[in-house]
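1. everything below, folded, please.
(chains A and B)
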Amino acid sequence: MHVQGHYFPKASSNYQQGVANISDTCVEISYDDQLISSHAISDITLTSGLAGLADELNFNDGSRFIPTDVNYRWPFKANKHDLLERLEKNKWAIIAAVIFTPLFMWLMLYKVVPAIAVYSVDTLPRSVVEQMGEQSFTIIEKLALDDSELPNEQQTKVHQHFNTMLNALSLEPSVYRLSLYKSEAFGANAFAMPHGRIVVTDELANLLADKPNALKAVLLHEIGHVVHQHSVRMTAQSAASTIVLAVIFGDLEGIAEVVLGTGASFAQQGFSRDMEREADSYALIQLENLGYSSNDFADAIEALQGAHTSENEHLEKVNNLLEYLSSHPSAQERIDNARK
Amino acid sequence: MESIHPTPPETTPAVNEPAAPIFSGKVQFSGKGGEFFGIWIVNILLSVLTLGIYSAWAKVRTMRYFYGHTRIDGHSFDYLATPMQILKGRILAVIVFLIYSFGSSFFPLVGLLFAIAFIFLMPWIINQGLRFNMRMTRHRNVRFAFKGDYGEAFINFILLPIASIFTLYLLMPYVLKRIDTYIHSNISYGDTPLTVNLKGETYYLTALICFVVSSITMVIFMAVLGLFGLDLMNVENQQAAQDPAKMGIMFGGLMIAYVFMIAIVTAVWAAAIRNHIFDNSQFEDVASFKSELKPIPFAILLLTNMLAIVFSLGLAYPWTKVRTSRMLAEVTTVNIYPSALNLVDTAQQEQSSFAEEAANVFDIDLSLT
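-> So this is what the prediction gives:
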């Protein structure tokens, strides 16, 4: 067996023409019937095959032999060496990969990674989770929240609603805590921190002052976020998708990266809307369980929608257009969902 | 070969006529879109199925494919990194990233500390990355090398860019020139260093052209929008703003104009600077280069790449990579001089030396890409 190619001595840019002769145990490189070097097959390092590239021999003294025919593959190569190359050239494998890759990516990003994150947070000691949550809460408190200006009587009422529900749902009051704040930045709003602190603004409490059941519906929605550990899943999912994009499309040119990045943040917002829906349906189910009506939830959303529309009227106009940019499902969808 | 600038005293007289090149020709790139598609899609599938672990093998296969298909005088480049080196680097990067993203979303102060630490770590990371990539690149059995030091990198990558903010970025072209000089003048092929002689004027002139080109693109775009009855300067009390359809056109148009502008400016900058660097860098007595990248064909290439990626939902990515490499190869000429035949890879010869061993401990790829 004779293979034409180039022979490179160790660490040198100089090369010479050569022919490799393969016998059972060794490879001899010669030129014009003059032996240049001889190497035992067991001393040769082979690389895995790659489409269109010569299969080079790396000898253990640092010299190399590169066949001229890029498609030539050495007979003494173990079968597994070219497994990847065969896979990459197999049209059925490629078609299967095109079909299944998006599916697996979706499973990984939206199911497996968030599940792992929730599991690892569950194994964290409660005190650590508590510490983390309080830290970020302190920042929000400093930046956007002021002390509540509601009369004591009204505050007590809201707390009573909250405690009744915790009792009925047998949730731990040391974890689920309610705080009232005045906030110009948030307006009429409520939000939940990952460790169980739930904030209701004065503006929201006032808005729903004469609809106590609607307020309960909002509280249940926020409790739903904590029960389903949405913040943790969100953080894990966004970290994972950043990593996946970086690893797979590592070296995209600027523009394509902007476009794919935008796509990723659309997906992120979609994920956020799913979480809102999950919290909504938690609220709806528990409302029924506790003997209230899911209409209470619709009332709350309607009231909130009214409040926010009057705040920034002209923004509402482009709302239809911007629905895909939103972190929440549309108010109408949420109301319809509650009323049906 | 005249220079307006006084030659520094330590260089040998430039008039010395160099030996005639033994080879002069274009870089050849023989990669094929279809071939690379198979490699790429199998890479992604296996990477996803192995929770990202295979991505290290994927990177090595991709790099080997592109290096191996790039040839000068019929000899290909070799990518020498092993998947384990890449994997170690990635595991480290992912751990740091996870600590950062969880840390900063739950303890905001940690984020700030990270940012400060990162500023001081960055020069080291950049040096380490350049060093690794050069050491892992081989041509005709001789490896490349990079030697840069922390101080220089800190000045060029951190200090000067921050300083340029205070000059309203007027210093920026100079900073970019410094960065390119730093990167290239620290490269060597075997034991032959790359000598570079970059000029600040070229960087300033290119920056000016980019500025003018982007302004013109914006003005043309505004004029076109004007034809649709939209006035960007006066959105607040516009009839059009009341109409979601017209608002849609405007948002879409803005996106397109933005993408257009970025492609053109990127192409203008990349072409001028790449040509300048190649034309003014050489491995003395070993090789010299010439790059003739033209901005308009390159801008068209970048734009069509982007359109193809977006409309194929990413599937055209391998094709765009291959055609970009092909274009860059086609515009690059290399002259090889007789000394190239007698180069010795110093690092490889002293393979058992202690320095080499110590270097191997840190021989991990620190970049995520």
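2. give me the contact list for the helix or strand containing B:I165.
-> Using DSSP states H and E, B:I165 falls within helix B:160-166. Helix B:160-166 has contacts (C-beta atoms under 8 Å, 6 or more residues apart in numbering or on different chains) with B:170-172, B:174-175, B:178. For glycine as for every other residue, the C-beta is placed from the backbone atoms N, C-alpha and C.
3. and the next helix or strand past that helix?
-> Following helix B:160-166 toward the C-terminus (DSSP H and E): helix B:172-185.
4. what's that next one packed up against?
-> helix B:160-166, strand B:192-196, helix B:200-227, helix B:244-279 (3 or more C-beta pairs under 8 Å, 6 or more residues apart in numbering or on different chains; DSSP states H and E).
5. give me the three-state assignment for B:R143.
-> Three-state assignment for B:R143 (DSSP: H, G, I helix; E, B strand; the rest coil): strand.
6. roughly how far apart are it and B:N186?
-> 15 Å (C-beta to C-beta, to the nearest Å).
7. likewise for B:D180?
-> B:D180 is 11 Å from B:N186, by C-beta to C-beta.
8. could you do B:A153 as well?
-> 9 Å.
9. okay, and the common contacts of these two?
-> Contacts common to B:A153 and B:N186, judged by C-beta under 8 Å, 6+ apart, are absent.
10. what residue is smack in the middle of chain A?
-> Closest residue to the average C-alpha location of chain A: A:Q237 at 2.4 Å, with C-alpha atoms, centre = their mean.
11. and chain B, by the same measure?
-> Judging by C-alpha atoms, centre = their mean, chain B has its centre closest to B:A270, at 9.5 Å.
12. you'd agree it is up against B:P297?
-> No. The pair B:A270 / B:P297 is not scored as a contact, 11.8 Å apart, by C-beta atoms under 8 Å.
13. buried residues in stretch A:71-89, which are they?
-> Going by neighbour count (16 or more other C-beta atoms under 10 Å in any protein chain shown), the buried part of stretch A:71-89 is A:74, A:77, A:82, A:84-85, A:87-89.
14. I misspoke; the intended subject was stretch B:287-299.
-> Taking 16+ other C-beta under 10 Å as the criterion, stretch B:287-299 shows B:287-289, B:291, B:293, B:295, B:298-299 as buried.
15. repeat for stretch B:331-345
-> The neighbour-count check on stretch B:331-345 (16+ other C-beta under 10 Å) flags B:331-337, B:339-340, B:343-345 as buried.
16. among these, which lie within strands?
-> Judged by DSSP state E, the buried residues of stretch B:331-345 include B:332-336 as members of strands.
17. domain-wise, how is chain A divided?
-> A:2-81, A:107-339 (automatic domain parsing).
18. the longest one: how far from the chain's middle?
-> What that stands for is domain A:107-339. 18 Å (C-alpha atoms, centre = their mean, to the nearest Å).
19. can you give me the end-to-end span of it?
-> End-to-end span of domain A:107-339 (C-alpha to C-alpha, to the nearest Å): 32 Å.
20. separation between the residue nearest to A:T201 when sequence neighbours are not counted and chain B?
-> Closest residue to A:T201 in three dimensions, ignoring its sequence neighbours and counting by C-beta to C-beta, 6 or more residues apart in numbering or on different chains: A:S183, at 4.7 Å. Shown here: A:S183 relative to chain B, a distance of 19 Å by C-beta to the nearest C-beta, to the nearest Å.
21. centre of the chain to stretch B:299-311, how far?
-> 18 Å.
22. please apply the same query to stretch B:73-81.
-> Per C-alpha atoms, centre = their mean, the centroid offset for stretch B:73-81 relative to its chain is 19 Å.
23. what does it contact?
-> So stretch B:73-81 is contacted by A:6, A:15, A:53-54, B:23, B:25, B:28, B:60, B:63-64, B:66-71, B:132, B:135-140, B:143, B:334, B:336, B:365 (C-beta under 8 Å, 6+ apart).
24. from one end of it to the other, what's the distance?
-> Span of stretch B:73-81 from end to end, C-alpha to C-alpha: 24 Å.
25. ditto for stretch A:31-47
-> 24 Å.
26. return the set of buried residues in it.
-> Buried, per 16+ other C-beta under 10 Å, within stretch A:31-47: A:36, A:39, A:41, A:44, A:46-47.
27. can you pull the contacts of B:D345?
-> B:D345 neighbours (C-beta under 8 Å, 6+ apart): A:11-13, B:141-143, B:190.
28. one more time with 7 Å
-> With contact set as C-beta atoms under 7 Å, 6 or more residues apart in numbering or on different chains, B:D345 has these partners: A:11, B:141-143, B:190.
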